[in-house]
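K.L.:
Structure for the following, please:
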Amino acid sequence: MAKIFQVSVRAGMTRVVEPIARSLLRAGVSPNAVTVAGTLGVLVGALGFGARGDLVAGALIVTVFALTDLLDGTMARMSGGSTRFGAFLDSSMDRVADSAVFGAVAFYLAGQGDRAGVAAALICLAAGGLVSYVKARAEGLGMSGNVGIAERTERLLIVGVGGLLTGLGVEPALPIALWLLAAVSLFTVGQRMRYVYRQAQQVDVPGGRG
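P.N.:
Numbering: from 1, shown residues only. Okay, the predicted model is just below:
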């Protein structure tokens, strides 16, 4: 099944990002620096604004800095490919940023007395981590897990749109976005596990459970 954002949309975003990536590389900025800066920006948006109830500013800041995920990847490609540490740093910072976003959302909704919304936020956090883990574990076993309708960019944009609309007065938007996100994230986990299962039937997979 196709991803929520089609390849053509991603390619169009890449064409916009490429000139920025070239400029940063010429200025001596490394992809790793952009990764860290993007994570710090997400933390400011989520914890400094979103958790306090300033959802419009929080959503906009998180969305802008979440897109640095595309920028640092483009910079790494232009500079000859990502290093092992760069890939490790990127994945680690993604988990930090995701935890901040959904932790901030859960904190805000708890303050509003929305227990169902808090539950949805926690499901999104757990399912998002599982989406990434299934892919990483598959790749560690020599297979691929890069399938599914909702990857990290899609997940952050869904919660970002929900937060923005709630901040603009459409109060049910954030809980609805969270439950939608929880559903597509769990569905993506299922897609990836099924995809890996099919591969495992065709190859002798080394290693055991763990």
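K.L.:
tell me the helices in this structure, going along the chain?
P.N.:
Applying DSSP state H to the chain gives helices spanning 7-26, 31-43, 55-66, 68-78, 84-111, 115-140, 152-167, 173-200.
K.L.:
Flag every buried residue along the shortest one.
P.N.:
Going back to what we said before, that points to helix 68-78. By 16 or more other Cβ atoms under 10 Å, the buried positions in helix 68-78 come out as T68, D69, L70, L71, D72, G73, T74, M75, A76. (C-beta placed from N, C-alpha, C; glycine too.)
K.L.:
nearest to G28, of these?
P.N.:
Distance to G28, by Cβ to Cβ, is smallest for M75 among the buried residues of helix 68-78, at 11.6 Å.
K.L.:
contacting residues around the closest one?
P.N.:
Counting by Cβ atoms under 8 Å, 6 or more residues apart in numbering, M75 makes contact with A21, L24, L25, V29, S30, P31, V34.
K.L.:
Which pLDDT value belongs to it?
P.N.:
Note on M75: pLDDT of 90.
K.L.:
As PDB, could you dump the C-alpha coordinates of stretch 54-67?
P.N.:
This file holds the C-alpha atoms of stretch 54-67, laid out as PDB (Å, rounded to 0.1, in the frame of the first residue of the first chain):
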ATOM      1  CA  ASP A  54       0.100  27.400  22.900                       C
ATOM      2  CA  LEU A  55      -0.800  24.800  20.300                       C
ATOM      3  CA  VAL A  56      -0.600  27.000  17.200                       C
ATOM      4  CA  ALA A  57       2.900  28.100  17.800                       C
ATOM      5  CA  GLY A  58       3.900  24.700  19.100                       C
ATOM      6  CA  ALA A  59       2.500  22.900  16.000                       C
ATOM      7  CA  LEU A  60       4.100  25.400  13.600                       C
ATOM      8  CA  ILE A  61       7.500  25.200  15.300                       C
ATOM      9  CA  VAL A  62       7.500  21.400  15.500                       C
ATOM     10  CA  THR A  63       6.400  21.000  11.800                       C
ATOM     11  CA  VAL A  64       9.100  23.300  10.600                       C
ATOM     12  CA  PHE A  65      11.900  21.600  12.600                       C
ATOM     13  CA  ALA A  66      10.600  18.100  11.900                       C
ATOM     14  CA  LEU A  67      11.200  18.800   8.200                       C
END
